[in-house]
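Student: Predicted structure and sequence below. I'll ask about it afterward.
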Amino acid sequence: MEQWRDKPVIKVVTGVRRCGKSTLLELFGNRLTAAGVPRDHIISINLERLENEPLLDYHRLHESIVSRCQGKGMHYVMLDEIQNVPNFQKVLDSLQTRRNIDLYVTGSNATLLSGTLATLISGRYVEIPVMPLSFAEYRSAAPEGESAERTWSRYIHDGSFPATTEFAGDDMLIHDYLEGILNTILIKDVSQRLGSARTGTVEAVTRFMFDNIGNLTAAKTISDTMASAGTRVSAPSVANLLEALCSAFILYPAQRYDVKGKRLLKQERKYYAVDMGLRRILTSGRVRDTGRILENIVFLELKRRAGTVYVGQGAGGEIDFVTNGADGPAYYQVAQSVRNPKTLGRELSSFRGIDDNYPKTLITLDDERPTSHNGIQQVYALEWLMQR
């Protein structure tokens with residue numbers, strides 16, 4: 001965020017609730033103070049706190065900020081959970097025109113950047129996505145001397161929300177904390193925003209998606225499968241719910257990409273959960289499907305490193321992930337173990353037909369030295385995740 005300081009754009013920090021957006025603003029404020037910015041030139045307002053409820057009226061919020069930005073020099077305005085203010089886009093549009101205000105906002109819903117706001121501030125904002133802790137970040141908070149494997153076990157059980165590192169070892173506290181986040185997201189960020197969606201239906205669809213991370217799905221397929229299990233929800237309703245769950249950053253979609261034709265495919269997508277702790281709480285309460293959990297975590301890590309992540313479709317079949325950064329594409333296959341020669345052969349065959357020289361990586365939980373299979377690098381997942 002530092003690199004955007006004093007740039008004439010609105011800095012929009014987005015991400016799921018409790019992932020660290022407020023902490024990021026707080027740390028940035030501390031850096032400003034350390035750099036000599038007067039404290040009265042840093043205006044920070046958390047719009048979820050009761051004492052700031054009067055400022056949920058956008059006129060009063062605007063008036064309060066402007067009245068505090070009268071002195072000389074740049075004023076740094078940080079508005080936490082701005083989507084709680086009806087017509088907030090009018091406030092941002094007005095403040096952004098003032099040369100003595102550098103504006104930062106956070107939001108827990110992707111609709112923050114859609115509709116009227118996108119029209120009003122088109123070309124005048126930058127999105128800064130924030131996610132729960134990566135494995136490397138989580139590992140840095142681990143007890144001294146703890147093995148990477150033990151840290152991994154806690155990571156996939158407790159989840160990656162920053163506060164869970166403070167509750168380590170207390171399953172009841174972690175359960176209650178994660179359940180609280182989950183309920184807030186499903187009720188406040190999804191059910192209430194959709195209006196007609198019942199909380200029970202929202203929870204059922206979320207549970208289904210968490211149980212099917214990494215599977216190709218479409219709204220009609222989900223509707224039919226849930227109906228056969230006794231939960232009736234129409235395909236259009238499922239489509240709306242999926243959009244809302246992705247907007248709340250509890251799910252992330254991955255579109256299919258034709259590697260040879262270099263085009264997006266419009267068929268089914270895959271969806272991945274934002275956090276394995278939330279998934280465990282809502283589904284079985286147990287850590288299971290270790291291979292799919294690894295796939296999910298690799299997906300999230302690739303989003304941190306590369307932004308957009310696709311599911312590849314090549315001549316050799318499906319490729320778990322494809323990224324397309326400034327240096328060109330990169331291809332990834334994920335497997336829990338490839339010590340069985342047949343499994344190794346199957347995973348490597350997915351790269352067949354990709355005749356370019358861009359990186360191809362097989363990521364597994366086999367704790368072995370990095371190995372090359374005719375140019376395809378096999379790496380140990382925990383070491384790969386620790387790379388910065």
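Tutor: Thanks, I have it. None of these values were measured; they are calculated from a predicted model.
Student: So which residue is smack in the middle of the chain?
Tutor: Nearest residue to the geometric centre of the chain (Cα atoms, centre = their mean): Met131, 4.5 Å.
Student: can you tell me how far it sits from Asp275?
Tutor: Met131 sits 9 Å away from Asp275, going by Cβ to Cβ, to the nearest Å. All C-beta atoms are positioned from the backbone trio N, CA, C, and that covers glycine.
Student: what do these two both touch?
Tutor: Taking Cβ atoms under 8 Å, 6 or more residues apart in numbering as the contact rule, Met131 and Asp275 both touch Val16.
Student: Mind picking out the helix or strand in the protein with the poorest mean pLDDT?
Tutor: Using mean pLDDT, DSSP states H and E, the weakest-scoring helix or strand in the chain turns out to be helix 115-120, at a mean of 63.
Student: C-terminal to it, which secondary structure element comes first?
Tutor: On the C-terminal side of helix 115-120, the nearest following helix or strand under DSSP states H and E is strand 125-129.
Student: hmm, who's touching the helix or strand just after that next one?
Tutor: Downstream of strand 125-129, the first helix or strand assigned by DSSP H and E is helix 135-140. For helix 135-140, the external contacting residues (Cβ under 8 Å, 6+ apart) are 148, 151-152, 155, 160, 165, 297, 301, 382, 385-388.
Student: contacting residues around the longest strand along the chain?
Tutor: Identified as the longest strand of the chain according to DSSP state E is strand 263-273. Applying Cβ under 8 Å, 6+ apart, the external contacts of strand 263-273 come out as 209-210, 212-218, 221, 242, 246, 250-258, 279, 295-296, 299-300, 310-311, 313.
Student: just the buried members of the residues you listed?
Tutor: Neighbour-count burial (16 or more other Cβ atoms under 10 Å) applied to those gives 209-210, 212-214, 217, 242, 246, 250-252, 254, 256-257, 279, 295-296, 299-300, 310-311, 313.
Student: Could you tell me which of those residues belong to helices?
Tutor: Here DSSP state H is the test, and these give Met209, Phe210, Leu242, Cys246, Arg279, Glu295, Asn296, Phe299, Leu300 as lying in helices.
Student: ok, now how distant is the fifth one from Val130?
Tutor: Translated: Arg279. For Arg279, the distance to Val130 (Cβ to Cβ) stands at 19 Å.
Student: and if you look at Tyr332?
Tutor: Distance of Tyr332 to Val130, given as Cβ to Cβ: 23 Å.
Student: More neighbours: these two, which one.
Tutor: Tyr332 (25 against 18; other Cβ atoms under 10 Å).
Student: What's opposite that one in the beta bridge?
Tutor: Judged by DSSP bridges, the bridge partners of Tyr332 are Phe321, Thr361.
Student: Just the pLDDT at it, thanks.
Tutor: Note on Tyr332: pLDDT of 98.
Student: check contacts around it.
Tutor: With contacts defined as Cβ under 8 Å, 6+ apart, the neighbours of Tyr332 are Val298, Leu302, Ile319, Asp320, Phe321, Val322, Thr323, Lys360, Thr361, Leu362, Ile363.
Student: how about 6 Å then?
Tutor: Tyr332 sits next to Asp320, Phe321, Thr361 when contact means Cβ atoms under 6 Å, 6 or more residues apart in numbering.
Student: CSV for the residues you listed, including neighbour count?
Tutor: What follows is the contacts of Tyr332, written out as CSV (neighbours: other Cβ atoms under 10 Å):
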residue, neighbour count
Asp320, 24
Phe321, 25
Thr361, 18
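Student: Sort out which one of those lies nearest Asn100 for me.
Tutor: Asn100 has its nearest neighbour among the contacts of Tyr332 in Phe321, at 44.4 Å by Cβ to Cβ.
Student: The closest one and Val311: what is the separation?
Tutor: Counting by Cβ to Cβ - Phe321 and Val311 are separated by 7 Å.
Student: what residues are shared contacts of those two?
Tutor: Shared contacts of Phe321 and Val311 (Cβ under 6 Å, 6+ apart): none.
Student: Quick one: residues contacting the residue nearest to Thr111 when sequence neighbours are not counted.
Tutor: Leaving aside its chain neighbours, Thr111 sits nearest to Ser247 (5.3 Å; criterion: Cβ to Cβ, 6 or more residues apart in numbering). Ser247 sits next to Asn109, Ala110, Thr111 when contact means Cβ under 6 Å, 6+ apart.
Student: again, 8 Å this time
Tutor: Going by Cβ under 8 Å, 6+ apart, Ser247 touches Asn109, Ala110, Thr111, Asp189, Arg193.
Student: ok, Ile82 touching Gly107?
Tutor: Yes - the pair Ile82 / Gly107 is scored as a contact, 5.7 Å apart, by Cβ atoms under 8 Å.
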